[in-house]
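Undergrad: Next come a sequence and a model predicted from it.
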Amino acid sequence: MSDARSGSGGPRGQHDGGGQRRGPRQKSRTAPAQRSRQGSPARRIALAVLRAVGDGAYANLELPKALRHARLDGRDAAFATELTYGTLRMQGFYDAVIAEATRRPTSRLDGGVLDVLRMGIHQVLAMRVPDHAAADQAVGLARSVAGPGAASLVNAVMRRVSESSVEEWRERVVPTEPLAERLAIEHSHPVWIIKALRQALIGHGLATPETGDAAIEELLASHNVPAPVSLVARPGLADVDELLGAGAHVGRWSPFAAELDGGDPGAIEAVREGRAAVQDEGSQLLALALAAVPLDAHEDGSTERWLDLCAGPGGKAGLLAAEALAQGADLVANDVSDHRTDLVRQTLRPALDAAQAAGRHLEVRTGDGREVGVDEPERYDRVLVDAPCTGLGALRRRPEARWRRQPSDLVGLGPLQRDLLISAIEATRPGGVIAYATCSPHLSETTFVVRDVVKKRDDVEQVDARELLDQVATGDLTDLGAGPAAQMWPHIHGTDGMFLAVLRKRG
Ligand SMILES: C[S@@+](CC[C@H](N)C(=O)[O-])C[C@H]1O[C@@H](n2cnc3c(N)ncnc32)[C@H](O)[C@@H]1O
């Protein structure tokens, strides 16, 4: 289930998520009065997912499972999706509203009741659900999770919240300064992320200290808008026209992209068969840029060998495999985790079949990427290091990530990212290229990693990743930063916040 579904009309209309618009054949098994007492199916699902996310689950995995299990689709599924994702995104703002309305910190509320309130407020302030319907349902849910006492508290809070508009609530709970604290409530992000992203906007050369405040505000706002569902038609396996015929429209940057305005991508045959997939366009461009770097042919006429060092779950490997097949190259897709390599195998299934039929070497393997440089020195022509990172560039797709991530995550990731890049360089033959990528613009995971590694070596030079991306893009791709690395941004390019640095090993 993609969050683009949530933007598709249903939840923003007069639908109240109570299942009242079901046709006679789709009747809920519970009677209307009982639905209100316990909350509608869509709301119960949203609450269950929020509770699971509170216990460490991922909304994008949990929600589709819950929707399938409850056999919810159409408008009810869209309602549950918007309710879940929207509530998670705006949690920071809603908690400020709840604290003001209850005159107590949210930490003093039961977790289930807090989630019920956040959901109820999202319906009233962001989904145009009638106040009485949102309140009734919230009361029903509160009673079922925490008993009658909680129900009357929720009733009182919902009534108080409904008395003011979202603008009035903003005026009441958003501080005018300092900037980070204002943005933290208004755009619902932790302060440390706001500060890090502002530094990243300036550090990558998109903003200056003078324009940084406006730029960070635009970026944060973009994280609260559901991301489009970008599809990739894997070259040689599917055609963009096939996706357009299934209702998608042409993508913005990638020659293999199409975009869905709504609906379930799994309903498209090419996606079901793995010939096409959901993939951010920035992600597509990174893989294409690495595949397109001009390289001298091997003197002995042997084929190129490509390596995807951190391949799981296989998004970029899917595109690299298709490009490798088209160019007559071999590819190894590696990941440290068995589970992730299983996912890569699934993603690459059609490409594995095609490679076998063509007599090409396409291998999926499990291994620690930090050891490849020692085990296979100078073996590969093109190496992708899509490094494990905080994912701060993909916050619009992972609504809970902003609350789950901690600054301490960077401490463990930094050495790993550097070791993986060093190993990739060791594994690359002289004259070959290494692409270092992250779906985070954080300077500690991007520029600083590349700078630290490059300054200690005399066998690599950085090439202009912006030019490479622009060459493979269908449109005029600008605003990628000061170079030679490239940084894409959701609020500028409509992609995830992908970083790419390309190194060439001296011949
Ligand atoms: C950002 S994800 C890669 C995404 C992938 N390239 C794609 O497009 O679908 C990072 C991956 O690095 C893997 N990883 C973490 N540590 C690793 C290591 N030491 N060696 C190899 N892979 C590692 C993780 O398991 C994770 O699958």
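TA: All right, it came through fine.

Undergrad: C-alpha from now on. contacts and neighbour counts both.
TA: Noted.

Undergrad: show me the contacts for residue 496.
TA: By Cα atoms under 8 Å, 6 or more residues apart in numbering, the contact list for residue 496 reads 280, 281, 282, 283, 393, 394, 439, 488, 489, 490.

Undergrad: So which residues on the stretch 201-350 of the chain come close to the ligand?
TA: Within the stretch 201-350 of the chain, the residues that sit near the ligand (Cα under 6 Å from any ligand atom) are 309, 310, 311, 312, 313, 314, 315, 316, 335, 336, 337, 340.

Undergrad: Which pLDDT does the model give residue 374?
TA: Residue 374 carries a pLDDT value of 98.

Undergrad: And for residue 262?
TA: Note on residue 262: pLDDT of 77.

Undergrad: what's the answer for residue 266, then?
TA: For residue 266, pLDDT reads 87.

Undergrad: I'd say it and residue 273 touch.
TA: No: using Cα atoms under 8 Å, residue 266 is not in contact with residue 273, being 9.3 Å away.

Undergrad: if I've got this straight, residue 425 is in a strand?
TA: No: counting by DSSP: H, G, I helix; E, B strand; the rest coil, residue 425 is not part of a strand but helix.

Undergrad: Apart from its neighbours in sequence, what residue is nearest it?
TA: With Cα to Cα, 6 or more residues apart in numbering as the criterion, residue 425 has its nearest non-adjacent residue at 6.6 Å, and that residue is residue 434.

Undergrad: Is the one you found in a helix, a strand, or coil?
TA: Relying on three-state DSSP, one would call residue 434 strand.

Undergrad: domains of this structure?
TA: Following automatic domain parsing, one finds the domains of the chain at 1-173, 280-505.

Undergrad: Quickly, which of the ones you listed bottoms out on average pLDDT?
TA: Across those, the stretch with the lowest average pLDDT is domain 1-173; it has a mean of 84.

Undergrad: surely residue 233 meets residue 254?
TA: No: using Cα under 8 Å as the test, residue 233 is too far from residue 254 to be in contact (10.0 Å).

Undergrad: re the thing from before, any quick ChimeraX command for the buried ones out of the residues of the stretch 201-350 of the chain next to the ligand?
TA: Of these, the buried ones can be selected in ChimeraX as follows, counting by 16 or more other Cα atoms under 10 Å:
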select :309,310,311,312,313,314,315,316,335,336,337,340
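
Undergrad: Pipe the residues of the stretch 201-350 of the chain next to the ligand into TSV and attach distance to residue 212 and secondary structure per row.
TA: Listed next are these as TSV, based on distance: Cα to Cα, whole Å; DSSP: H, G, I helix; E, B strand; the rest coil:
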residue	distance to residue 212	secondary structure
309	35	coil
310	33	coil
311	34	coil
312	34	coil
313	34	coil
314	35	coil
315	32	helix
316	32	helix
335	37	strand
336	38	coil
337	39	coil
340	38	helix
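
Undergrad: a markdown table for the residues of the stretch 201-350 of the chain next to the ligand, including distance to residue 95?
TA: Converted to a markdown table, these look like this (distance: Cα to Cα, whole Å):
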| residue | distance to residue 95 |
| --- | --- |
| 309 | 41 |
| 310 | 37 |
| 311 | 38 |
| 312 | 35 |
| 313 | 34 |
| 314 | 37 |
| 315 | 36 |
| 316 | 38 |
| 335 | 39 |
| 336 | 38 |
| 337 | 37 |
| 340 | 36 |
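
Undergrad: and of the residues of the stretch 201-350 of the chain next to the ligand, the nearest to residue 428?
TA: Residue 428 lies nearest to residue 309 out of these, by Cα to Cα, at 11.5 Å.

Undergrad: contacting residues for that closest one?
TA: 333, 334, 335, 369, 383, 384, 385, 386, 424 are the contacts of residue 309 under Cα under 8 Å, 6+ apart.

Undergrad: Can you name the residues of the protein that neighbour the ligand?
TA: Proximity of the chain to the ligand, by Cα under 6 Å from any ligand atom, involves residues 309-316, 335-337, 340, 368-370, 386-388.

Undergrad: Helix, strand or coil: sort out the residue of the chain positioned farthest from its centre for me.
TA: Most distant from the centre of the chain: residue 300, at 42.6 Å, with distances by Cα atoms, centre = their mean. Secondary structure, three-state DSSP: residue 300 is coil.

Undergrad: got the contact list for it?
TA: With Cα under 8 Å, 6+ apart, residue 300 has no contacts at all.

Undergrad: Let the chain start at 4 from now.
TA: Sure, I'll start counting at 4 from here, so that last one is residue 303.

Undergrad: Okay, strands next: where are they in the protein?
TA: 232-236, 252-253, 260-263, 279-281, 308-311, 333-338, 365-369, 383-389, 431-441, 463-466, 489-490, 502-508 (DSSP state E).

Undergrad: Highest mean neighbour count out of these?
TA: Among the strands of the chain, strand 489-490 has the highest mean neighbour count (mean count of other Cα atoms under 10 Å), at a mean of 30.

Undergrad: hang on, isn't residue 344 packed against residue 315?
TA: Yes: using Cα under 8 Å, residue 344 makes contact with residue 315 at a distance of 5.9 Å.

Undergrad: Need the residues touching each of those two.
TA: In terms of Cα under 8 Å, 6+ apart, residue 344 and residue 315 are both contacted by the residues 337, 338.

Undergrad: circling back: export the domains of the chain to CSV and tack on distance to residue 226?
TA: Shown next, in CSV, are these (distance: least, Cα to Cα, whole Å):
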stretch, distance to residue 226
domain 4-176, 8
domain 283-508, 4
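
Undergrad: Nearest to residue 188 among those domains would be which one?
TA: Counting by Cα to Cα, residue 188 lies closest to domain 4-176 out of those; the figure is 4.8 Å.

Undergrad: Run the chain-centre distance for the closest one.
TA: Remark: domain 4-176 is offset 23 Å from the chain centroid, using Cα atoms, centre = their mean, to the nearest Å.

Undergrad: between the domains of the chain, which gets nearest to residue 214?
TA: Using Cα to Cα, the nearest of the domains of the chain to residue 214 is domain 283-508, at 14.2 Å.

Undergrad: Now do the closest one: distance to the chain's middle.
TA: 17 Å.

Undergrad: okay, how far is it across it, tip to tip?
TA: Terminal residues of domain 283-508 lie 29 Å apart, using Cα to Cα, to the nearest Å.

Undergrad: OK, now which residue of the stretch 154-303 of the chain is nearest to the ligand?
TA: residue 286 (6.8 Å; Cα to the nearest ligand atom).

Undergrad: quick one: that residue and residue 503 touch, right?
TA: No: with contacts counted by Cα under 8 Å, residue 286 stays clear of residue 503, the gap being 9.9 Å.

Undergrad: Identify each of the helices in the stretch 354-503 of the chain and give its residue range.
TA: With helices called from DSSP state H, counting those that start in this stretch, the stretch 354-503 of the chain shows them at 375-378, 404-407, 412-429, 450-458, 468-475, 493-496.

Undergrad: Out of those, which is closest to residue 103?
TA: Of all these, it is helix 404-407 that lies closest to residue 103, at 20.5 Å by Cα to Cα.

Undergrad: List the contacts of the nearest residue to residue 142 once chain neighbours are set aside.
TA: In space, and not counting its chain neighbours, residue 142 is closest to residue 154: 4.8 Å by Cα to Cα, 6+ apart. Going by Cα under 8 Å, 6+ apart, residue 154 touches 141, 142, 143, 144, 145, 146.
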